[in-house]
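Chemist: What follows is a protein structure lacking sequence information:
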C-alpha cells in the first residue's frame, strides 16, 4: 500500500511533488511545535495538584513565618528563616489569587515553584497573541554580596521548546520597576544574570542586611543581621557592605544598567 502511494507520488509533476512535500513538512513542523507547547513540566503539574485545604494551610504557615521574620529583623541582632516550596506555592495558589493586583505581568498566570538542589524552577501559564502554554524558567539564586541577589537564568521554555529570553528579561525589568528595586545585568559563562539590590532599610538608626541566601532541596534558607547605622553606632563600626563580598560572583561582565 505504501509502495503504491509512493509510486503514484513520484509520477506527479515535479512542481506538484515539491508543493505537497513542502505542505507535509509544514504540517509536521506545526504538529511538533504544538506538541512541544502543550507539554506541562512535571513539577508544575504536581504543584497544581496540591490539595486546596493544604494549600491554604501552607500559605498561612508562610504568612506566620514571614511575620516572625519581620519582627526579628526590626530588632538589632542576627535573624534567620526557612521557607518551603510547598508554603510558597500555597501562598501563590491562595493569597496571590485573592490579591490579583500583586501580579505585574498580565499574561503570566498561576505561578508555581519547585526547588531542586540549588536550582529554582518557576512555572506559569503564559498567554499572548493567541498562544497559550505553560512556560518554565530554571534559575540559580544566590548572594554575590550582602543585599545583592543574583538570579542566573539557565533556561527558559514554553512547554518543552526553548524560547528567546528577551520577553523574560523584560518581565524582570518590569517587576523591579514595580517594586522600585535597583536592577542591573551581568553575564556568567554566557547566561544572563539579574543583580537585584535589596534596600537596607529606611530607618535612620538601623539597617537590614541579608547575608545568606541558599536553596536546598525544597527549601529557601535566609539569614542576616540588623545593625545600627554608622551614625547611630559611632565611628569605626564596620558595616557588612564594607567587609567585601560574601557570596559567589562568577560573572565576567561588569554590571550594566538596562
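Modeler: Yep, it's here. Just so we're clear, the structure is a prediction, and the values are computed from it rather than from any experiment.
Chemist: only C-alpha atoms for contact and neighbour calcs from this point on.
Modeler: Noted.
Chemist: Which element, helix or strand, includes the nearest residue to residue 201 once chain neighbours are set aside?
Modeler: Closest residue to residue 201 apart from its sequence neighbours, by CA to CA, 6 or more residues apart in numbering: residue 207 at 5.4 Å. According to DSSP states H and E, residue 207 maps onto strand 206-216.
Chemist: Given that strand, what are its sheet partners and their directions?
Modeler: strand 219-228 (antiparallel) (DSSP bridges).
Chemist: for the partner strand, what is the average pLDDT?
Modeler: Mean pLDDT, strand 219-228: 95.
Chemist: quick one: buried residues of it?
Modeler: 219-220, 222-228 (16 or more other CA atoms under 10 Å).
Chemist: nearest to residue 179, of those residues?
Modeler: residue 222 (20.1 Å; CA to CA).
Chemist: Bridged to that closest one, which residues?
Modeler: residue 81, residue 213.
Chemist: how much space between it and residue 175?
Modeler: Per CA to CA, to the nearest Å, residue 222 is found 21 Å from residue 175.
Chemist: Same check on residue 211?
Modeler: For residue 211 relative to residue 175 (CA to CA), the value is 23 Å.
Chemist: Same question for residue 89.
Modeler: From residue 89 to residue 175 the distance is 19 Å (CA to CA).
Chemist: Neighbour count: these two, which is higher?
Modeler: residue 89 (25 against 16; other CA atoms under 10 Å).
Chemist: which outside residues touch the strand holding residue 207?
Modeler: Residues outside strand 206-216 that contact it (CA atoms under 8 Å, 6 or more residues apart in numbering) are 73, 76, 115-120, 141-143, 145-147, 199-201, 220-229, 232, 240, 246.
Chemist: Leaving aside the residues adjacent along the chain, what's closest to residue 94?
Modeler: In space, residue 94 is closest to residue 56, 6.2 Å off (CA to CA, 6+ apart).
Chemist: make that residue 69, sorry
Modeler: residue 81 (6.5 Å).
Chemist: repeat for residue 228
Modeler: Nearest residue to residue 228, sequence neighbours excluded (CA to CA, 6+ apart): residue 206, at 4.3 Å.
Chemist: Tell me how many other residues crowd the one you found.
Modeler: 21.
Chemist: Ok, residue 86 next?
Modeler: 24.
Chemist: List the buried residues of whichever strand or helix holds it.
Modeler: Under the criterion of DSSP H and E, residue 86 resides in helix 85-98. Of all the residues in helix 85-98, those buried under the rule 16+ other CA under 10 Å are 85-96.
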